[in-house]
Structure formats: structure tokens, C-alpha cells
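1. pasting the structure only:
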């Protein structure tokens, strides 16, 4: 059985909007959500900017007792799932709940809860930590809280592959719906990495920009961390049409690979293999791909390696293949990144409007692609790729089709 | 009338469970208050912090209702104060 897989709901919360409409407006306008980090005291950390969910108040979404049990990253997962499920207009019954899968991505799990607990014992010399620390930090908490909120009793799990987590999660959910292992899937990723400890660790890697995120620009100086979540509702195209659901797009292919070379340095060959696998899985010719939402972190190494990979896969056609990195507006949300970018790619295909790379200033001969710069580009693309290339050399690429 | 210490223990339980103070009486069972095992450890943590005591696992496991919890906490506070007396 190989069924076509429709996207019937998308929910988003991130630095450029707390719902899909706001996300879309800021994405297409190239309005960056990168601002001075305000949710914690940065002390002597050398970088100051991030893409936080602005003025986030958990009590707008949850009761005080619920927030006791949920780290910020799990809250984001549930908020995005609520919007996606509402948009898909799912009517729940027992059979539906049993046949629905949940696959979430997260890189660092309940980071701020972990940081607070360790502060208590190491810094404040307390002899006990909050008893809900473990259920708050576990990386699967997002999937678990989504399942409890909606009473979903089918397969549910979490994938952790650093910056590719959400793309792997959506890919796995796609495969389950396509094969008949699930009749519906909620899939995406969530992340809330703004804790002092983890920011110090990022600082030590010297890959975070002290300025902003300028993907593919010659003067790029690194990535900018982001937070948030995006969740998709996936279901067989045929049953989505039968129940009269609004179809936002289709997932048509998923490709994976691993570099087997270096723990942080990206490999063009590995990235190219993942793109080729996604194109083959979707049964496309490379020339049918009309847009790539790049991994595009804005680090020196990624953007050069990704450019090479695109040229390896698309050859001469790469000169006419529009590419943008929306991390320039929503930041790099690690385990949520692939889900935010899947949402951006689905919107681009649906609206015939390709989102721009913001903050771009100067062409880099080593990143010579057909970059969408400054403002959105109207274009009726039928197929698009969304790239995710993780630290650890684990690559995942999704192929989408417009409706 | 309840003494001040008992009132403070009941208030700590109510706050940890996020329920109105009036609901928590000496005769309430955990089941009536909707307190499950995870809520229970959360309440123990709140009591330990509030009164600067350590509630041993062996004692904590026996407690099924508010009255036992209040008695236990008062006992532990008493032991702490005895221990702090100059010899």
C-alpha cells in the first residue's frame, strides 16, 4: 500500500508569530524575529540576540496546574498541535484516536527545567530539586502531552537528531500514513533552548553570531538560536478529500543520509545524498523541484557545504532553482527547525509566494545560488524540498507538493 | 479552631495542589482531593521547603490522607527543634 499523504493542518508558535497567520505574514515580509534575548539574564555571554516567542505567557494557554507539569518546550508542542488539529477540523472518536500517530522532534528537551534543577543543587546548594524535574525534562514530553490533551492512543514517540529532529519526525509520520500504519499523524518539533547553561555551551562552540543571522551572505557570522514549535496534521489524501478537509499541500517524499565523517563539519556529499533520496522517493526529476527551503544556518561552513550539495544534485539547473533560508527570520530552533521550515515550505507552495532570506547584504561566490533575497518572490512551484542537516552528520530532507 | 502550624500545613498542601484552601481539611483523603502519587511527591517537596524538614521515603509511602500528613510534619518539626536545642 502506498497512499498519497495530505497536509490538512499546520500550527506554529515561534519568534515571528504565535499562530500560522502571523507566522506567514512576517515570513513573507521578511520581518525578522531576532531581538535581544529577554527571558533570562545573559550575564557575560558574548552574544545577545535570539528569536524568542515574544511576551510569552503560558497562562494564556494553560492552567497553573498544567504549567507545573510542563516545560516551555512541551507547552509549545501542545500549542502548535492545538492549532494544527483545529485547522484540520478533526472529529475524534475512539477508532480515530487509536489510529492516530504522534511523532515529535526535540534536540535538548526540557532545558530550562534541567538548568533550574542543577542551579538549585550546584549553585544554591539545596539538597533537593523539584520532583517534577524528570517529567519536565524528558524529550518525549511534547508527544506525551499532545497524546493526553487529545486522548490519542496510537503510536507516539520522539526523535532526537539535533537540528534534523523535526524533519526526521515528519518523515517518519509521513511513512506511517503512506504505508497504512496510521490513518492520521500529528508530527513536528518543539524546542525552548534559552537557558543559561545551554547558551554558554553554544557560546563555547563559537558558531553563534553576535550580530544577526545572514544566511548565504558573504558577511555572515553564524547562527542565531530560536525557539518554538510547529506541528502538521498528515492523513491519506483520499480520506481527507472524502471528509471535505481543506488540503494545504502534500508530503511526497522523504530522504535521509548520514555523513559518517565529522561530528560538526558538514559534508556536501551527505547532504546531496539526502536530497537525492527525497527526490527519488517522490519519483521526481530534479528539474521539477521549484523551491528549496535551505538548512541555511548562516554559519560559514554550512552555507558553503549546502551550496555545493545543491550543485551536486541539480547541476546547471541550480542556477535557476530558487533557494531561501527562513532561519534569517525565525532563527535556528534546533529540534523544531525542520517543522517551522516545513510550515514555511507548505505556505510557499500553497500561496505561490517564496519567502525571502532576510538580512542578506553581500553575495558570496561560494554561495552562488538563485537566492531569494529581501522580498518574497511570486512563483508557482509545484514541488519543493525542505533541508535539515544536523550536527553529527544526520541529514533529512522532505519533498512537498502544492495543491 | 486549628492551630497556626496546622493551618500553614494545610495551606501548603492546597497551594502545591493548586486547589482552594477551604477544600483541604484534616479529614480529607488524598483520593477525595484528586492527589495521585506524582502530586503526592510534589506536596512533600513543598512541605520540605516550607518547613525545612526532610521527609523520609519510608514515612512518605504510608501517608494516605491529610491528617496523617499533618501529624507527620508536626512530628518532624518537633524532632528538628529538639535537635537544635543546646545541650
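-> Perfect, I can see it now. In this text, all values refer to a predicted model and were calculated from it rather than measured experimentally. Numbering: from 1, shown residues only, chains lettered A, B, ... in the order given.

2. surely residue A:126 and residue A:120 touch.
-> Yes - counting by Cβ atoms under 8 Å, residue A:126 does reach residue A:120; the two are 4.5 Å apart. Where you see a C-beta, it was placed from the backbone N, CA and C, and this is true even at glycine.

3. out of these two, which sits in the more crowded spot?
-> residue A:120 (16 against 13; other Cβ atoms under 10 Å in any protein chain shown).

4. got the confidence number for the more buried one?
-> Looking at residue A:120, its pLDDT reads 94.

5. contacting residues for it?
-> Residue A:120 makes contact with A:126, A:128, A:129, A:130, according to Cβ atoms under 8 Å, 6 or more residues apart in numbering or on different chains.

6. restricting to these, which residues neighbour chain B?
-> Restricting the contacts of residue A:120 to those adjacent to chain B (criterion: Cβ under 8 Å from any Cβ of the partner chain) gives A:128, A:130.

7. filter the contacts of residue A:120 down to the buried ones, PyMOL style.
-> Entered in PyMOL, the line below selects the buried ones among the contacts of residue A:120, by 16 or more other Cβ atoms under 10 Å in any protein chain shown:
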select buried, chain A and resi 129+130
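
8. buried ones in the one helix or strand residue A:166 maps to?
-> Using DSSP states H and E, residue A:166 maps to helix A:165-179. For helix A:165-179, the neighbour count (16+ other Cβ under 10 Å) marks A:165-178 as buried.

9. Throw these into JSON lines and include distance to chain B and pLDDT, thanks.
-> Shown next, in JSON lines, are those (distance: Cβ to the nearest Cβ, whole Å; pLDDT from 0 to 100):
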{"residue": "A:165", "distance to chain B": "27", "pLDDT": "98"}
{"residue": "A:166", "distance to chain B": "29", "pLDDT": "98"}
{"residue": "A:167", "distance to chain B": "33", "pLDDT": "98"}
{"residue": "A:168", "distance to chain B": "30", "pLDDT": "98"}
{"residue": "A:169", "distance to chain B": "27", "pLDDT": "98"}
{"residue": "A:170", "distance to chain B": "31", "pLDDT": "99"}
{"residue": "A:171", "distance to chain B": "34", "pLDDT": "98"}
{"residue": "A:172", "distance to chain B": "29", "pLDDT": "98"}
{"residue": "A:173", "distance to chain B": "29", "pLDDT": "98"}
{"residue": "A:174", "distance to chain B": "34", "pLDDT": "98"}
{"residue": "A:175", "distance to chain B": "34", "pLDDT": "98"}
{"residue": "A:176", "distance to chain B": "31", "pLDDT": "98"}
{"residue": "A:177", "distance to chain B": "33", "pLDDT": "98"}
{"residue": "A:178", "distance to chain B": "38", "pLDDT": "98"}
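
10. near chain A, which residues of chain B?
-> When proximity is defined as Cβ under 8 Å from any Cβ, chain B approaches chain A at B:17, B:18, B:38, B:41, B:42, B:44, B:45, B:48, B:54.

11. show me which of those residues are buried.
-> Using 16+ other Cβ under 10 Å, the buried members of the residues of chain B next to chain A are B:17, B:41, B:42, B:44, B:45, B:48.

12. ok, back up a step: what's downstream of the helix holding residue A:166, the next helix or strand?
-> Next element after helix A:165-179 (DSSP H and E): strand A:184-191.

13. got the angle between that next one and helix A:165-179?
-> Per axes from the mean of the first three to the mean of the last three Cα atoms, to 10 degrees, the angle that strand A:184-191 makes with helix A:165-179 is 180 degrees.

14. now check the longest helix along chain A, is it near chain B?
-> Secondary structure of chain A per DSSP state H: the longest helix is helix A:72-88. No - on the criterion Cβ under 8 Å from any Cβ, helix A:72-88 is out of touch with chain B, staying 15.2 Å away.

15. that helix: which residues count as buried?
-> Of the residues in helix A:72-88, those buried by neighbour count under the rule 16+ other Cβ under 10 Å are A:72-85, A:87-88.

16. likewise for stretch A:110-125?
-> So, applying 16+ other Cβ under 10 Å, buried residues of stretch A:110-125: A:110, A:111, A:112, A:113, A:114, A:115, A:116, A:117, A:120.

17. up against chain B, what does chain A have?
-> Counting by Cβ under 8 Å from any Cβ, chain A comes close to chain B at A:63, A:64, A:65, A:68, A:127, A:128, A:130, A:131, A:132, A:135.

18. follow-up on the earlier one: what angle separates the longest helix of chain A from strand A:184-191?
-> Going by the same axes, to 10 degrees, helix A:72-88 makes 150 degrees with strand A:184-191.

19. now the strands for the stretch 251-400 of chain A?
-> Assigned by DSSP state E, counting those that start in this stretch, the stretch 251-400 of chain A shows strands spanning A:289-293, A:322-324, A:353-354, A:370-371, A:377-378, A:383-390, A:394-401.

20. save these as JSON lines, and put in mean pLDDT and mean neighbour count too.
-> JSON lines is the format used below for those (pLDDT from 0 to 100; neighbours: other Cβ atoms under 10 Å in any protein chain shown):
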{"stretch": "strand A:289-293", "mean pLDDT": "98", "mean neighbour count": "25"}
{"stretch": "strand A:322-324", "mean pLDDT": "98", "mean neighbour count": "25"}
{"stretch": "strand A:353-354", "mean pLDDT": "98", "mean neighbour count": "22"}
{"stretch": "strand A:370-371", "mean pLDDT": "98", "mean neighbour count": "20"}
{"stretch": "strand A:377-378", "mean pLDDT": "98", "mean neighbour count": "14"}
{"stretch": "strand A:383-390", "mean pLDDT": "98", "mean neighbour count": "28"}
{"stretch": "strand A:394-401", "mean pLDDT": "98", "mean neighbour count": "28"}
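
21. do you know which of those lies nearest residue A:244?
-> When the strands of the stretch 251-400 of chain A are compared for distance to residue A:244 using Cβ to Cβ, the nearest one is strand A:394-401, at 20.0 Å.

22. where in chain B is pLDDT low?
-> Residues of chain B meeting the criterion pLDDT under 70: B:1, B:84-87.

23. could you redo the last one with a cut-off of 50?
-> For chain B, applying pLDDT under 50 flags the ranges B:87.

24. which residues in it form helices?
-> For chain B, the helices defined by DSSP H cover B:4-17, B:37-51, B:57-62, B:66-84.

25. and the first one, what does it pack against?
-> Under the contact criterion of 3 or more Cβ pairs under 8 Å, 6 or more residues apart in numbering or on different chains; DSSP states H and E, helix B:4-17 touches helix B:37-51, helix B:66-84.

26. to residue A:45, which of the strands of the stretch 251-400 of chain A lies closest?
-> Set against residue A:45 and scored by Cβ to Cβ, the strands of the stretch 251-400 of chain A come closest in strand A:383-390, at 23.5 Å.
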